[in-house]
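> coords please:
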Amino acid sequence: TGIEKITSPVAVAIGRAHVCVLQSNGYVSCWGSNGVGQLGDGTKSPSETPVMVVGISEVIAISSVDDSTCAILSDNTLQCWGKNGRGQLGDGTIVDSPVPVKVTGITGAVAIAAGVDHTCASLLDLTVWCWGRDDTGQLGNLSTLDSLVPVAALDITSAVRVTPTCALLQEGVVLCWGIGPLGHGSSTISLTPVAVKNLEDVTRIADNCAIVRDGTIWCWGTLPVLTG
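Numbering: from 1, shown residues only. As a prediction, this is how the structure comes out:
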């Protein structure tokens, strides 16, 4: 049946109704709902216990959201599985896949961030590429058209970390795009990356919050505010 125990977890990724765990041996196991193949075991049968994702090994990072999951392999390529109605698997189709499929054209991935019906990755060359749903500018490429393959988020050349719609640059600033919150002083959607205002010396980001070098945490809806 492919059912196996989780013995050495190093990362966990949680979707809408499924969970995936990366183990220290480089394999991924998932459990939960599986109607669109989000467990990656080659079936569409749900499982209350972990089942191994087929066809991939030497995985170094995973990210899940909604009904799909993506993984970075040790050769810095990407594989995704599950729901694909908006092209969020990045394989050039809109066909759901119960097994991992290779993301087209990505050869240097170092970080992955799955959003709702879209995914973004940062690469070794410090660029950010996104694919999938784009009706509110989620891909950051001056478009509102879905893309079934990765497209470059515009004007990002020094990204060191990425979220589904933001990137942390080497300079310690954060750029965000899409519907927001963008932290740029307006509620206007941006189809290209814009700088979060009043924020510098950032070392880490998660969603719409950032850790600054002095140890403080800043979050934003419209403009960044210091949290307690």
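> list the contacts for the residue most central in space within the chain?
The residue lying closest to the centre of the chain (Cα atoms, centre = their mean) is residue 113, at 1.6 Å. By Cβ atoms under 8 Å, 6 or more residues apart in numbering, residue 113 lies in contact with 63, 119-121, 162-164. Placement of C-beta: from N, CA and C, glycine included.
> Which of the helices or strands spans it?
For residue 113, the host element (DSSP states H and E) is strand 109-115.
> Sheet-wise, list the partners of that strand with their directions.
As defined by DSSP bridges, the strand partners of strand 109-115 come to strand 118-123 (antiparallel).
> The strand it pairs with: which residues count as buried?
118-123 (16 or more other Cβ atoms under 10 Å).
> So which of the contacts of residue 113 is the closest to residue 221?
residue 163 (15.3 Å; Cβ to Cβ).
> Against residue 153, how distant is the closest residue to the closest one other than its chain neighbours?
Nearest-residue entry for residue 163: residue 113, 5.0 Å, with adjacent residues in sequence omitted and distances by Cβ to Cβ, 6 or more residues apart in numbering. The gap separating residue 113 from residue 153 is 12 Å, by Cβ to Cβ, to the nearest Å.
> cool, residue 99 as well?
From residue 99 to residue 153 the distance is 28 Å (Cβ to Cβ).
> could you point out where the protein is predicted with low confidence?
Low-confidence segments of the chain, defined by pLDDT under 70: 1-4, 222-228.
> which residues in it form helices?
Using DSSP state H, no helices are assigned anywhere in the chain.
> Now do the contacts for the nearest residue in space to residue 205 that is not next to it in sequence.
Closest residue to residue 205 apart from its sequence neighbours, by Cβ to Cβ, 6+ apart: residue 168 at 4.7 Å. Contacts for residue 168 (Cβ under 8 Å, 6+ apart) come out as 159-162, 174, 202, 204-205, 210.
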